[in-house]
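Asker: Sequence first, predicted model second:
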Amino acid sequence: MSPQMETFISLDLPAMLAGTLAALACALLGNFLVLRRQAMMGDAISHAVLPGIVVGFLIAGSRSTWPIFLGAGVSALVTVMMISALRRVARVEAGAAMGVSFSIMFALGVLLIEQSTARGVDLDAGCVLYGQLEYINWYPPTDWGEFWSAGTLDLIPRQVVVLLGAVGVIALFVGVFFKELRITTFDPAHASAIGINSGLMGAVLMTLVAGATVAAFEAVGSILVIAMLITPPATARLLTDRYSTQILLSVGFAVVTGVLGYLVGAFLPSALGFEGMALNIAGTMTIVGVLMLIGAIFASPSHGVIARAVRRRRLARQIARDDILALLFRLEEIRPDHAMLDDQLREATGHTQARAALRELVSRGHVERTNKGLALRDSGRALARGVVRSHRLWESWLVDTLGLRADHVHQTAERLEHLRDAGRPIEPGEPGREFDPHDRPIPDRDDPETPRSGRE
């Protein structure tokens, strides 16, 4: 084993494993918190278990796993009861109740740390916030032949073992109750109707969140726990609308966050020339997770800022095209030989996209320029007929079906006329009339010979 490999295995690999496992445990459970719109509950529990951890430590006199787990569980239960009492008795909104509860519990935990003997035995506020990833080491044999011996495994850091067990339990729970979690997450009423106890599933989920929080607390601190409960699932949620795909993506993002976050924190300062320096690992992991979330916010193909801006621009262009075609069609109805100038048409529509939309209609051959101005060609007239037909059918439907006044339906129909299905304007159920409420003819869908006047 080379000295570089020995150094990596001893100093870097354990901390990287601990951070990655903590991210995995939190991300798996965070998916259900995000989908249930209970992200603040994860934040509340991750803060609220602190007094239980401190009390468990004080009673046991050491950082043994089970006393701390039991203390954290009791603390999480007290917090859930406090939130429920505030919502039921004081009529406090859910988010406010969670905020008040975890603030009180976290403040109590910090007070216990500062005022008790725990302050002098390696349990302090800095450990709670940032964890102790940098101090997780492993010194296995340097000979590869002895590396996989039974004694070597006994030297694995306790934090890695605890987090590995937490990931195993959580993965087993998600795998076994995959269907139940999906039903209770998306439709708890239906779950109760078919015999699945939604309340019990929610309680087990919150218990596991508390367990994952406690398992990760010593290694990565509360900041990374909160970040990993939310950022990988939220990033995955922006990239897919499928339940199973989101879980798999969140696992991938958690692994990337753990590995890349550690490499950035441990080696980036040296690579930039700051020898002997390193960044806080929990902090860099959190930053990597947040940067991936920001990337998904902008680059998501369906929910991203860029995709939404492109869709809005396309929709604005489509609306401008429809309005130009409809305006020329209505002009033909009144004066078949009349045409409209470019500036008049753009001013009449009032769209910021009118100039580009008009160029597109002319280039596609839907509108032509004549010596009198702009006029519809056959293909454009067919498109315009569909828009005007949809508008007048919507007006008729709003009057006949909803009972609105005829002089109150134009603006609503002007929005509805742009709705499309398979590229064609959507038409409501036909009211069985040839004229709209304003006595204007409703164009036939395919017949170009549409009457050009009102009732005769």
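Answerer: Sure, I can see it.
Asker: and the helix or strand hosting residue 250, what other elements does it pack with?
Answerer: Using DSSP states H and E, residue 250 maps to helix 243-271. If you count contacts as 3 or more C-beta pairs under 8 Å, 6 or more residues apart in numbering; DSSP states H and E, helix 243-271 packs onto helix 13-35, helix 178-186, helix 198-239, helix 281-299. The C-beta positions use only the backbone N, C-alpha and C, and glycine is treated the same way.
Asker: between those, which gets nearest to residue 54?
Answerer: helix 198-239 (10.8 Å; C-beta to C-beta).
Asker: List the buried residues of the helix holding residue 250.
Answerer: 246-247, 249-251, 253-266 (16 or more other C-beta atoms under 10 Å).
Asker: Quick one: mean pLDDT over it.
Answerer: Helix 243-271 comes out with an average pLDDT of 90.
Asker: And it, how far out from the chain middle?
Answerer: 18 Å (C-alpha atoms, centre = their mean, to the nearest Å).
Asker: Repeat that for stretch 227-243.
Answerer: 5 Å.
Asker: Please point out which parts of it sit buried.
Answerer: Neighbour-count burial for stretch 227-243 flags 227-240 (criterion: 16+ other C-beta under 10 Å).
Asker: okay, now the domains of the protein?
Answerer: Following automatic domain parsing, the chain resolves into domains at 3-303, 308-425.
Asker: Just name the most buried of those domains.
Answerer: Ranked by mean neighbour count, those are led by domain 3-303 with a mean of 19 (mean count of other C-beta atoms under 10 Å).
Asker: Could you tell me the angle between the helix holding residue 250 and helix 198-239?
Answerer: Angle of helix 243-271 versus helix 198-239, following axes from the mean of the first three to the mean of the last three C-alpha atoms, to 10 degrees, is 60 degrees.
Asker: Out of the domains of the chain, which gets the lowest mean score?
Answerer: Among those, domain 3-303 scores lowest, at a mean of 81.
Asker: thought residue 184 was touching residue 200?
Answerer: No - using C-beta atoms under 8 Å, residue 184 is not in contact with residue 200, being 9.1 Å away.
Asker: Save the helices and strands packed on helix 243-271 as JSON lines, and put in distance to residue 168 too.
Answerer: As requested, the helices and strands packed on helix 243-271 are exported to JSON lines (distance: least, C-beta to C-beta, whole Å):
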{"stretch": "helix 13-35", "distance to residue 168": "9"}
{"stretch": "helix 178-186", "distance to residue 168": "16"}
{"stretch": "helix 198-239", "distance to residue 168": "11"}
{"stretch": "helix 281-299", "distance to residue 168": "21"}
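Asker: so what's residue 42 up against?
Answerer: 26, 29-30, 33, 209, 226, 229-230 (C-beta atoms under 8 Å, 6 or more residues apart in numbering).
Asker: Report the secondary structure state of it.
Answerer: Put simply, residue 42 is helix when judged by DSSP: H, G, I helix; E, B strand; the rest coil.
Asker: measure it to residue 136 for me?
Answerer: 24 Å (C-beta to C-beta, to the nearest Å).
Asker: circling back: any chance of the domains of the chain in a markdown table with distance to residue 437 as columns?
Answerer: A markdown table is the format used below for the domains of the chain (distance: least, C-beta to C-beta, whole Å):
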| stretch | distance to residue 437 |
| --- | --- |
| domain 3-303 | 39 |
| domain 308-425 | 4 |
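Asker: Relative to residue 444, which of those domains is closest?
Answerer: When these are compared by C-beta to C-beta, domain 308-425 sits nearest residue 444, at 7.6 Å.
Asker: Can you get me the start-to-end distance on that closest one?
Answerer: Counting by C-alpha to C-alpha, to the nearest Å, you get 22 Å between the two ends of domain 308-425.
Asker: Make sure residue 317 is actually in contact with residue 358.
Answerer: No - with contacts counted by C-beta under 8 Å, residue 317 stays clear of residue 358, the gap being 10.6 Å.
Asker: still on that earlier bit, tell me which of the helices and strands packed on helix 243-271 sits nearest to residue 272.
Answerer: helix 281-299 (13.4 Å).
Asker: Show me what the closest one is packed against.
Answerer: helix 13-35, helix 198-239, helix 243-271, helix 305-334.
Asker: any chance of those in TSV, plus distance to residue 166?
Answerer: Output for the helices and strands packed on helix 281-299, formatted as TSV (distance: least, C-beta to C-beta, whole Å):
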stretch	distance to residue 166
helix 13-35	5
helix 198-239	4
helix 243-271	13
helix 305-334	35
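Asker: Which one, of those, ends up nearest to residue 348?
Answerer: Nearest of the helices and strands packed on helix 281-299 to residue 348, taken as C-beta to C-beta: helix 305-334 at 5.8 Å.
Asker: Between helix 305-334 and the helix or strand following that closest one, find me the angle.
Answerer: Next in sequence after helix 305-334, counting helices and strands by DSSP H and E, comes helix 342-349. Helix 342-349 runs at 110 degrees relative to helix 305-334, counting by the same axes, to 10 degrees.
Asker: I'd like to know which elements the helix or strand harbouring residue 384 is packed against.
Answerer: Here residue 384 sits within helix 378-400, counting by DSSP H and E. Where contact means 3+ C-beta pairs under 8 Å, 6+ apart, helix 378-400 is packed against helix 305-334, helix 410-416, strand 424-425.
Asker: angle of it against helix 305-334?
Answerer: Going by the same axes, to 10 degrees, helix 378-400 makes 90 degrees with helix 305-334.
Asker: For helix 378-400, what is the distance to the chain centroid?
Answerer: Using C-alpha atoms, centre = their mean, the offset of helix 378-400 from its chain centre is 38 Å.
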